[in-house]
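Asker: no FASTA, just this:
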């Protein structure tokens, strides 16, 4: 884990009396046709927290986020967003929720300022022109206010989209893979901003594929093929997986990985550069499986800690087994 | 590489491309529907609905006496098949109102003491007034009028009197005169009919296209998701999208009307303010329909296809290109559901006949109803969610 990972205690947790939830949903399900996209999802997000939402492509993350902000109607289940019912009060919820879509969805043929002014007017922000101008400055887009949004680079588009989301001062931000296709520097700046917003009391639900981003969240949830598989802090999720891992360096990691994959007791094999990551749920079975290989020439074995990625890959493969 | 294999490769690649195109075509239902329905639609409309020498034109009979002769005349008029008596007004003012409103194309006026005058051999006159705003519609009927009625009436009279019938009677001097009077467009200038019609069709086409694309564009560009997540109601989105085009349409309408007045000498007999108000109503109605298409179509291409499919009956069945009265009843019913039909009556009525609100009330109500229906469908169809 990185050292700069901000494991700040969420503000809600410090004072149990104020431990009130921004999102509280129970048994949410959604199908498209006969394909179940989200199944019986229950989750809670404390106010002021940054909540990471992880899972493979097509796992139901976007669908869940859309249900939270009223863009999709759940087939079953119930819940509240900012204390308002997601089924009956979705219009009121929209006023206080900022939703940043996966794909850039502001108007490409409007300028930066015009986009921000439009958002400010729809949300009834007082002095939309002034608010938009202030937002342009805050976003560091000075001098680009008249530029068409469509002509911005990926990083700037993402910055503008976030700026548009927080312009109406929402209480909850729903960010759907906000950093996809953004360079590492822009990503780091983006996360710094998210943490500042959370420190001011904003709740943030953010979906991502990046493990380092997951580790920047106060809590994470892992969803695969419609099922919520793990939930909690990063450490809790890693510990609850009950995964034992070994790292083995080899001159031919690909061949070794193929050999290991078929052994009983080994649940997870992943080549990493010159080494292979091996993991299993049953410590004894795993050690029995690798015992004959421990002595082999050229291999260096080392017991290590499972990473978040190990845990997710493992969760995913187990879930896929159930799914198929 | 040998020539044969090069040729083989050519056909293989063309074949692969064709196969792909067919697959895509079969999957694109709207394009497929367009391909089948447009020829079918044209065939049915031109084959059955459109008649450039229309018959059964609506006629009002203003008879100041009811005698056996007038009954014979009316029977003869109907026997020509060109005229269908649909109204029996009791005053000239009532008859004029019917014509201004476009309810009748002809007024047959039979003066009091007509039969007595005929019997006395005074050769009295009966008046047939034709609405000549559409010269095509009235022309052939007027041309056929004189000979047909005279022959028919005289044949009937002699049949009644039991007299001999033969070729000699046709050459006898007429027992009465028929005076035809082409109203509103006596010189039968086609432009006077076409220019007001163009005003309606141009507005229909442009207004439909503008709004038909408006919602699908948001969906295609992905901006719809952000829009839906905002606290804005469907009706607010619709009105906000329609409003700018009302101005655009009003600008277009002014251009066409000015060109009509100054370049084509189209008269402006009625009230300009009434024309303006009704033009705005018509523009809003078309924008609402276009917006409805936009909520039904999956993408911009489909929206354009829908607009085109809708535009075709508008051109053919509204009375713009072909006489409305000449169409069979089912086609007239379809025509009545099109805003352009009502607007054409309004524009021709106001510009050429000086029609006022009371003359056009039915058309105003119908146009408003069409607009409301389109708006309700659009607002209901507008997906507030991505479900």
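Answerer: Cool, got the structure. For clarity, every value in this text was computed on a predicted model and none was experimentally measured.

Asker: By proximity to chain B, which residue of the stretch 101-250 of chain A wins?
Answerer: residue A:105 (4.2 Å; C-beta to the nearest C-beta). Yep, even glycine has a C-beta here, placed from its N, CA and C like the rest.

Asker: For that residue, give me its contacts.
Answerer: Neighbour list for residue A:105: A:161, B:221, B:222, B:223, B:224, B:225, B:226 [criterion: C-beta atoms under 8 Å, 6 or more residues apart in numbering or on different chains].

Asker: filter those to the buried ones?
Answerer: Taking 16 or more other C-beta atoms under 10 Å in any protein chain shown as the criterion, what is buried in these is A:161, B:221, B:223, B:224, B:225, B:226.

Asker: tell me which helix or strand of chain A sits lowest on mean pLDDT?
Answerer: helix A:11-14 (a mean of 42; mean pLDDT, DSSP states H and E).

Asker: Please pull up the helix or strand immediately following that helix.
Answerer: Counting by DSSP states H and E, the next helix or strand C-terminal to helix A:11-14 is strand A:21-32.

Asker: Which positions within that following strand qualify as buried?
Answerer: Taking 16+ other C-beta under 10 Å as the criterion, strand A:21-32 shows A:21, A:22, A:23, A:24, A:25, A:28, A:29, A:30 as buried.

Asker: and what of stretch B:251-266?
Answerer: Result for stretch B:251-266 [16+ other C-beta under 10 Å]: buried residues B:252, B:253, B:256, B:257, B:260, B:266.

Asker: chain center to it: distance?
Answerer: 20 Å (C-alpha atoms, centre = their mean, to the nearest Å).

Asker: now do stretch B:57-75
Answerer: The answer for stretch B:57-75 is 28 Å, by C-alpha atoms, centre = their mean.

Asker: so how far does that stretch reach from one end to the other?
Answerer: Its start and end residues considered, stretch B:57-75 measures 15 Å (C-alpha to C-alpha, to the nearest Å).

Asker: Report the mean per-residue pLDDT for it.
Answerer: Rounded to a whole number, the mean pLDDT of stretch B:57-75 is 83.

Asker: that's a strand at residue B:128, yeah?
Answerer: Yes. Using DSSP: H, G, I helix; E, B strand; the rest coil, the assignment for residue B:128 is a strand.

Asker: Low-confidence ranges, the stretch 151-300 of chain A, go.
Answerer: Counting by pLDDT under 70, the stretch 151-300 of chain A contains no low-confidence residues.

Asker: got the residues of it near chain B?
Answerer: Counting by C-beta under 8 Å from any C-beta of the partner chain, the stretch 151-300 of chain A comes close to chain B at residue A:164.

Asker: what's the domain layout of the chain?
Answerer: Looking at chain A here, since you left the chain open. A:11-109+A:148-233, A:244-305 (automatic domain parsing).

Asker: not what I meant, chain B
Answerer: B:57-183, B:190-381.

Asker: highest average neighbour count across these?
Answerer: Stretch with highest mean neighbour count among those: domain B:190-381 (a mean of 20; mean count of other C-beta atoms under 10 Å in any protein chain shown).

Asker: Quick check: nearest residue in space to residue B:235, chain neighbours excluded?
Answerer: Excluding the flanking residues, the one nearest residue B:235 by C-beta to C-beta, 6 or more residues apart in numbering or on different chains is residue B:379, at 5.2 Å.

Asker: Do I have it right that the one you found meets residue B:236?
Answerer: No. If you go by C-beta atoms under 8 Å, residue B:379 and residue B:236 don't touch, sitting 9.9 Å apart.

Asker: circling back to that earlier point, of the contacts of residue A:105, closest to residue B:120?
Answerer: residue B:224 (80.6 Å; C-beta to C-beta).

Asker: Quick one: residues contacting that closest one.
Answerer: A:105, B:215, B:218.

Asker: other SSEs contacting the helix or strand harbouring the last one?
Answerer: Residue B:218 is located in helix B:190-221, with elements delineated by DSSP H and E. Here helix B:190-221 touches helix B:135-161, helix B:223-229, helix B:234-263, helix B:272-296, helix B:300-317, helix B:339-348, going by 3 or more C-beta pairs under 8 Å, 6 or more residues apart in numbering or on different chains; DSSP states H and E.

Asker: give me the number of residues near the closest residue to residue A:315 other than its chain neighbours?
Answerer: Spatial nearest neighbour of residue A:315, excluding adjacent residues (C-beta to C-beta, 6+ apart): residue A:229 at 4.7 Å. Here the number of neighbours of residue A:229 (other C-beta atoms under 10 Å in any protein chain shown) works out to 22.

Asker: Repeat that for the one 10 residues further on.
Answerer: Under the neighbour criterion other C-beta under 10 Å, residue A:239 is assigned a count of 13.

Asker: can I assume residue A:201 is in contact with residue A:49?
Answerer: No. Residue A:201 lies out of contact with residue A:49 (C-beta under 8 Å); the separation is 10.4 Å.

Asker: Comparing those two, which shows the higher neighbour count?
Answerer: Taking other C-beta under 10 Å, residue A:201 and residue A:49 do not tie; residue A:49 has more neighbours (25 against 11).

Asker: what's that one sitting at in phi/psi?
Answerer: phi -90, psi 160 (degrees, to the nearest 10).

Asker: could you measure it against residue A:268, distance?
Answerer: 30 Å (C-beta to C-beta, to the nearest Å).

Asker: do the same with residue B:372
Answerer: Where residue A:268 is concerned, residue B:372 sits at a distance of 63 Å (C-beta to C-beta).

Asker: now residue B:379
Answerer: Residue B:379 is 53 Å from residue A:268, by C-beta to C-beta.

Asker: Which residues of the stretch 101-250 of chain B lie near chain A?
Answerer: Counting by C-beta under 8 Å from any C-beta, the residues of the stretch 101-250 of chain B that sit close to chain A are B:221, B:222, B:223, B:224, B:225, B:226, B:228, B:229, B:230, B:231, B:232, B:233.

Asker: who's in contact with residue A:28?
Answerer: A:38, A:40, A:41, A:42, A:64, A:67, A:74, A:76, A:77, A:79.

Asker: Who is the last one paired with across the strands?
Answerer: Meaning residue A:79. When bridges are called by DSSP bridges, residue A:79 pairs up with residue A:25.

Asker: Residue A:26 is in contact with that one, correct?
Answerer: Yes. Assessed by C-beta under 8 Å, residue A:79 is found in contact with residue A:26 at 5.7 Å.

Asker: Give me the most central residue, chain A.
Answerer: Residue closest to the average C-alpha location in chain A (C-alpha atoms, centre = their mean): residue A:207, at 2.7 Å.
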